[in-house]
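> Quick check, what structure comes out for this input:
(2 chains)
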Number of protein chains: 2
Amino acid sequence: MRIALDAMGGDYAPATTVEGALEALDENSAMSVILIGDEDEIFQELKTKNRKGTQISVKHASQTVGMDESPLTALRRKKDSSLRVAIDLVKSGDADAMVSAGNSGVVMATALHVLGKIQGIERPAIAAVMPTLKGRFVLIDAGANVDCKPVHLYQFAVMGEAYARYIFNIENPKVGLLGIGEEDAKGNELTKESFKLLKGSSLNFIGNVEGKDIFAGEADVVVCDGFVGNIALKISEGLAETITKMLKREITERTSGRIGYFFLKDALKSFRKKTDYSEYGGAPLLGINRPCIISHGRSTSKAIKNAIKVAGALHDKGVLDVISREFNEGLSRREEVAIKE
Amino acid sequence: MRIALDAMGGDYAPATTVEGALEALDENSAMSVILIGDEDEIFQELKTKNRKGTQISVKHASQTVGMDESPLTALRRKKDSSLRVAIDLVKSGDADAMVSAGNSGVVMATALHVLGKIQGIERPAIAAVMPTLKGRFVLIDAGANVDCKPVHLYQFAVMGEAYARYIFNIENPKVGLLGIGEEDAKGNELTKESFKLLKGSSLNFIGNVEGKDIFAGEADVVVCDGFVGNIALKISEGLAETITKMLKREITERTSGRIGYFFLKDALKSFRKKTDYSEYGGAPLLGINRPCIISHGRSTSKAIKNAIKVAGALHDKGVLDVISREFNEGLSRREEVAIKE
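Take a look at the predicted model:
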């Protein structure tokens, strides 16, 4: 399987993207990666890493997209940007999936424009993976659509469920609606209507879920609009980081703390691994016709590696075909709900 | 100053409420607390604690409100509930402020019905205090209003700012709008319009703030609608708890971890204190005519003690009068914005 990687996307690119690609290839001999971007810079990185081989190739792109650029401007003026070329390669069939840690709004708009949506899907959504006490869950939509209708949340649920089923290998994923109370009737206008749609669907819907439930691992899929989802995601990241910093400060401020740290090193390392977003790879843009993965702007090489693995799994397991079938062929109950709305 | 305490509110009441009241009185000899609820149960608690004195009194209330009861039913059928009687005492002038860890929706509805709103305020809001790396911030609205208009968010900002100014003693509190990107134009329909209102006001508005900003302490007041605020609050609580549990598990699973823990005890304790919601006391219902404080359903005695302290400070510093003046007399710029909208 061939992954098109936007080698210029992310705060520390191309060092992290090139390194991440090499790490991913080390783990999967059936994979190849096309590094897209400024070829001089990319070759320079490859040279310092002293790596060659048939698994890796480079495609030059003369432009890059800034983190603050608007999707419209980028679509119009950046037709040779590294992220655009990556998406074009997927369109032409020269790559099976793409990964970018660049401007996520631009990736989304470009993917929509170039690759289009799965038939039946009104709005593609970002599916982010987050840790729980027991394992992990999918948060969908994590930021693609700020103002949503109930039918959108229903479609996010169907896509997130397929993702959890095939990527996490969960047989009948539990779907929860992110809300502010466990009772059915609690929520805002959007979630109250979405609740009814989800309850009437064939999904394994467990009702409203709150902050304490989701980190306890009560749902495999947590559904919300993209505004709420993005806030939930960023608050979680911000708080996990802050807590780690607070703990570090508490420890280093004390002599006994520094001794304790020596004995606790392994425990703290394992803890950090569990709360580190980069362990959970990239977030797929579910609903786009082909596998597109966005990764955090601050992605490390490990985050890039994991995003590439997610891209590969999405392609290998045919998750997008499953979603397409659910909306367009079988599972009539779900389709009915969507059409009725 | 006299605090009316709903002694039956909260998962562990009346043990925690009575204990919390006694702890608050130990710290403030100018305060008195009226414990309201089942007098047999309350006297039993006081007896086990072997405490008497003029600072404490008991008022019987024959009913309690369950955590799942609807505000309408409670308003109609629970006229002698402990929380209703607490609010009635504030209305009659027999108490200066009230505290309840009971059903927050019912407290809100009853306070609105019995005490009314500050003139000019369209919707009272819950102001919750959350920790940051540097100190703390006010999150408003933390759950009272699920569907809001821009003018409501503007009013929340003015009330939260007064709270931060008088309770945190910050001269010119920085006000941020909880959003999904730092650029002005990012957000949903509600936040984009609210952004314009806040920018045109005389508040010290610093623009949109995200998860990483708020825990870094960039804003003293973080404004959002009650749906988003409640999710933000509960996700933060849920995650802080989960991280503590994960860390504990990592530590106790290893022998070296247990040794390390011995040396780290003080650091971990101080860390827990900083991330423990009960340290931050109750959340005032700002916009209600008199000081009403709601506390977490799972409140410990320490949380109750801190909620009582917040109630006292709100009364002592006349924060509600300040808010009333800002809306109805002076500070014409702010008033204009509110009226224009």
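> Next, the contact list for A:Ile180, please.
A:186-187, A:208, A:210, B:143, B:146, B:226-227, B:230-231, B:234 (C-beta atoms under 8 Å, 6 or more residues apart in numbering or on different chains). (Each C-beta comes from the backbone N, C-alpha and C, glycine too.)
> So which of these sit within helices?
B:226-227, B:230-231, B:234 (DSSP state H).
> Neighbour-wise, which one of those residues leads?
Among the ones in helices among the contacts of A:Ile180, the one with the most neighbours (other C-beta atoms under 10 Å in any protein chain shown) is B:Asn230, at 28 neighbours.
> Give me every residue in the stretch 1-150 of chain A lying close to chain B.
Applying C-beta under 8 Å from any C-beta of the partner chain, one finds that the stretch 1-150 of chain A approaches chain B through A:68, A:132-133, A:143, A:146-147.
> The same query, at a cut-off of 6 Å, please.
Neighbours of chain B within the stretch 1-150 of chain A, by C-beta under 6 Å from any C-beta of the partner chain: A:133, A:146-147.
> Can you report how many residues neighbour A:Lys79?
For A:Lys79, using other C-beta under 10 Å, the count is 14.
> meant to ask about A:Asp147, not that
14.
> ok, it touching B:Gly187?
No: counting by C-beta atoms under 6 Å, B:Gly187 is not a contact partner of A:Asp147; they are 9.7 Å apart.
> which residues of the stretch 151-300 of chain A fall in helices?
With helices called from DSSP state H, counting those that start in this stretch, the stretch 151-300 of chain A shows them at A:189-199, A:211-216, A:226-252, A:255-275.
> Find me the pLDDT at A:Glu264, would you?
Quick fix: residue A:264 reads Leu, not Glu. Model confidence at A:Leu264, given as pLDDT, is 69.
> Quick test: name the residue nearest the centre of chain A.
A:Ala283 (0.5 Å; C-alpha atoms, centre = their mean).
> gap between the residue nearest to it when sequence neighbours are not counted and chain B?
Residue nearest to A:Ala283 in three dimensions, not counting chain neighbours: A:Ala128, with 4.3 Å by C-beta to C-beta, 6 or more residues apart in numbering or on different chains. Computed as C-beta to the nearest C-beta, to the nearest Å, the A:Ala128 to chain B distance reads 13 Å.
> Using the three-state scheme, assign A:Ala128.
Put simply, A:Ala128 is strand when judged by DSSP: H, G, I helix; E, B strand; the rest coil.
> so it makes contact with A:Ile140?
No: here A:Ala128 does not reach A:Ile140: they are 7.5 Å apart, not a contact under C-beta under 6 Å.
> Which one's more surrounded, those two?
Neighbours per residue (other C-beta under 10 Å) separate A:Ala128 from A:Ile140, with A:Ile140 holding more: 32 against 27.
> list the contacts for the more buried one?
Contact analysis of A:Ile140 by C-beta atoms under 6 Å, 6 or more residues apart in numbering or on different chains lists A:125, A:127, A:156, A:160.
> what does A:Lys91 give?
Contact analysis of A:Lys91 by C-beta under 6 Å, 6+ apart lists A:114-115.
> hmm, try it at 10 Å
Contacts were defined as C-beta atoms under 10 Å, 6 or more residues apart in numbering or on different chains; by that measure A:Lys91 touches A:4, A:98, A:111, A:114-116, A:289-290.
> how many neighbours does the nearest residue to A:Cys148 once chain neighbours are set aside have?
In space, and not counting its chain neighbours, A:Cys148 is closest to A:Asp225: 4.0 Å by C-beta to C-beta, 6+ apart. A:Asp225: 25 surrounding residues under other C-beta under 10 Å.
> Please apply the same query to A:Leu72.
Neighbours of A:Leu72 using other C-beta under 10 Å come to 11.
> which ones are touching the closest residue to A:Leu285 other than its chain neighbours?
Distance criterion C-beta to C-beta, 6+ apart; nearest residue to A:Leu285, sequence neighbours excluded, is A:Cys292 at 4.5 Å. Residues in contact with A:Cys292 (C-beta under 10 Å, 6+ apart) are A:4, A:83, A:86-87, A:90, A:97-100, A:107-108, A:110-112, A:114-115, A:124, A:282-286, A:311, A:314, A:320.
> go with 8 Å
By C-beta under 8 Å, 6+ apart, the residues touching A:Cys292 are A:87, A:90, A:97-100, A:107, A:111, A:115, A:284-285.
> Most neighbours among these, which one is it?
Highest count within those by other C-beta under 10 Å belongs to A:Val99, 37 neighbours.
> Mind checking what secondary structure that one has?
Classification of A:Val99 using three-state DSSP returns strand.
> That one reaches A:Ile308, doesn't it?
Yes: A:Val99 is in contact with A:Ile308 according to C-beta atoms under 8 Å; the separation is 5.6 Å.
> Overlap of the contact sets of those two?
A:3, A:5, A:282, A:293.
> For the third one, what are phi and psi?
The reference is to A:Gly282. Backbone geometry at A:Gly282, expressed as degrees, to the nearest 10, gives phi -80, psi 170.
> In contact with it, which residues are there?
A:99, A:101, A:293-296, A:303, A:306-308, A:310-311.
> tell me, how many neighbours does the closest residue to it other than its chain neighbours end up with?
In space, and not counting its chain neighbours, A:Gly282 is closest to A:Ala307: 2.9 Å by C-beta to C-beta, 6+ apart. Counted with other C-beta under 10 Å, residues neighbouring A:Ala307 total 30.
> re the thing from before, so what sits opposite the residue nearest to A:Leu285 in the bridge?
Beta bridges link A:Cys292 to A:Met98 when assigned by DSSP bridges.
> any idea how far chain B is from it?
Distance from A:Cys292 to chain B, by C-beta to the nearest C-beta: 20 Å.
> What of A:Ile231?
Counting by C-beta to the nearest C-beta - A:Ile231 and chain B are separated by 6 Å.
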